[in-house]
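**Student:** Got a sequence here, can you build the structure:
(one chain, ligands or ions: 2)
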Amino acid sequence: MTLDPVLAQIDADLPDALDRLMDLLRIPSISTDPAFKADCDRAADWLVEDLKSIGVDAAKRPTPGHPMVVGHIDGPGPHVLFYGHYDVQPVDPLTLWDRDPFDPQIEDTPAGKVIRGRGSSDDKGQLMTFVEACRAWKTVHGALPCKITFFFEGEEESGSPSLVPFMKENADELKSDMALICDTALFDSRVPAITTMLRGMLGEELTIKAASKDLHSGFFGGVAANPIRVLSNVIASLHDDTGRITVPGFYDGVPELSNSLRAQWDGLGFDAERFLSGVDLSVPTGEEGRSPLEMIWSRPTCEVNGIWGGYTGDGFKTVIPAEAHAKISFRLVGDQDPHVIRESFRKMVEEQLPEDCDVEWHAHGASKAGQFDTEYPFYEAARGALSDEWPDTAAYIGCGGSIPIAGHFQNLLGTPPVLIGFGKDDDQIHSPNEKYDLESYHKGTRSWARVLAALQEIG
Ligand code: BES
Ligand code: ZN
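**Tutor:** Ligands and ions are numbered 1, 2, ... in the order given. Here you go, the predicted structure:
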């Protein structure tokens, strides 16, 4: 089965492939918000139908949360699992969008055409690059070059609560020679890349409580404990003056970058100034003495993702609130243990609470960092295929984000993950005005067609 006619088919079919992606993008599958449960279901149905249209034996598979989509199609090459997620992040603040997030459009920008809409890059556009590559193989040759299992999740953006039980229950069906994951980015927006390191994640939500009700700050100010002030002190105590995190034991299991990896990363020529200027920043913050790339890929972080309490409406209200809230996440690297850090963080906060104050905890996910072995022959095969499609040779890179399923493939199924994605740094994933470059969609699809050909060849 030859590759060239498949690539030509992808080029010719691009307008229809775009229409299909637009259809999927119009479904507001926001997994974290129960109001969109039916839409998540509809996105799963849409994918099942689309897979069936290319001859895949696909079905929606129930879970206690949003459904999975699993499909199988036979082929001569190795057994490849492909993973992507059809759920998307919430869109708020809606006022910062230039258009309806679920009415996607192709826009002309100075940097080229982009597909604008929630989920265009994370992860519906990425997921469809693989489906479209398979469609082209099927159209041209009537068959796929590899045996493929499709595995689409609808809860990735909300902590994947159903994932591990589902993987355990269906382990025999999902076990494959490798797991291709399309949920990452190109390097520095230009260079094709295989991500071999991911950070882990620990999410914590806390509510600090003091008086049993909101109080007038004239009657009680100065005397009554103010939970927002207590919370502010707690948050201020989480970093020292050099940017290091102060949670006891936090750095246990954080390795120093090896000289060889440091040299490899230096060789990538990451342009931190360009990276920051893309979001109108100029000065890297963070730990003293660490390079920006090192901080994103191989150092742990602690960030406040949300904070609220008291009166935040229009006008002004002189109130001492009864409660203050924050959502705090830690990105983890190396061997850091999210459960040990959770305990240590909670203890540190509880020890700082003044008399009359209490804290309530809500846990939001805990995953370890991942590091993936590139010794398998399919890594070099995929790297060669990507290098054939793009102007630059593909690089092995790290990633500051978290994709816990990559570790689960490795640890639960013994299936090595291969992370290839075509997102760009300026895609604004999780933010207003998310976009996916038309180039990412088109060349991403062509890249997968080439990767499948290369995998068939190595057998
Ligand atoms: N696609 C992202 C992961 C990602 C982020 C890749 C940045 C490349 C660059 C994924 O959908 C995601 O956002 N994951 C969450 C996981 C979390 C909820 C456990 C993340 O990283 O915050
Ligand atoms: Zn994603």
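
**Student:** List, one by one, the residues from this protein near ligand 2.
**Tutor:** For the chain, the residues found near ligand 2 under the criterion C-beta under 5 Å from the ion are 122-123, 183. (C-beta placed from N, C-alpha, C; glycine too.)

**Student:** Apply 6 Å and report the result again.
**Tutor:** 85, 122-123, 156, 183 (C-beta under 6 Å from the ion).

**Student:** give me the subset of those touching ligand 1.
**Tutor:** 122-123, 156, 183 (C-beta under 6 Å from any ligand atom).

**Student:** sorry, back to before: reformat the residues of the chain next to ligand 2 as JSON lines; add neighbour count, pLDDT and secondary structure.
**Tutor:** Below are the residues of the chain next to ligand 2 laid out as JSON lines (neighbours: other C-beta atoms under 10 Å; pLDDT from 0 to 100; DSSP: H, G, I helix; E, B strand; the rest coil):
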{"residue": "85", "neighbour count": "29", "pLDDT": "98", "secondary structure": "strand"}
{"residue": "122", "neighbour count": "28", "pLDDT": "98", "secondary structure": "coil"}
{"residue": "123", "neighbour count": "28", "pLDDT": "98", "secondary structure": "coil"}
{"residue": "156", "neighbour count": "24", "pLDDT": "96", "secondary structure": "helix"}
{"residue": "183", "neighbour count": "25", "pLDDT": "98", "secondary structure": "coil"}
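
**Student:** Out of those residues, which is nearest to residue 105?
**Tutor:** Of all these, residue 122 has the smallest distance to residue 105: 17.6 Å, by C-beta to C-beta.

**Student:** Leaving out sequence neighbours, find the closest residue to the closest one.
**Tutor:** Of all residues not flanking residue 122 in the chain, residue 429 sits nearest, at 3.9 Å (C-beta to C-beta, 6 or more residues apart in numbering).

**Student:** Can you report phi and psi for that neighbour?
**Tutor:** Phi and psi for residue 429, reported as degrees, to the nearest 10, are phi -60, psi 140.

**Student:** okay, now it: neighbour count?
**Tutor:** 23 (other C-beta atoms under 10 Å).

**Student:** same check, this time on the one 5 residues further on
**Tutor:** Other residues near residue 434 number 26, with proximity taken as other C-beta under 10 Å.

**Student:** Pretty sure it sits against residue 426.
**Tutor:** No - counting by C-beta atoms under 8 Å, residue 434 stays clear of residue 426, with 10.4 Å between them.

**Student:** now the strands for the stretch 301-450 of the chain?
**Tutor:** Using DSSP state E, counting those that start in this stretch, the strands found in the stretch 301-450 of the chain span residues 301-309, 319-320, 323-332, 358-367, 370-371, 395-399, 417-420, 435-437.

**Student:** scratch that, the stretch 151-300 of the chain
**Tutor:** 178-181, 193-198, 200-209, 215-216.

**Student:** Who are the packing partners of the third one?
**Tutor:** In other words, strand 200-209. On a contact count with 3 or more C-beta pairs under 8 Å, 6 or more residues apart in numbering; DSSP states H and E, strand 200-209 meets helix 227-236, strand 323-332, helix 338-352, strand 358-367.

**Student:** ranking these by burial, who's on top?
**Tutor:** Comparing the helices and strands packed on strand 200-209 by mean neighbour count (mean count of other C-beta atoms under 10 Å), strand 323-332 ranks first with a mean of 21.

**Student:** So what touches it?
**Tutor:** 199-210, 227-228, 230-231, 235, 238, 245, 250, 300-310, 338, 341, 345, 364, 367-369, 400, 402 (C-beta atoms under 8 Å, 6 or more residues apart in numbering).
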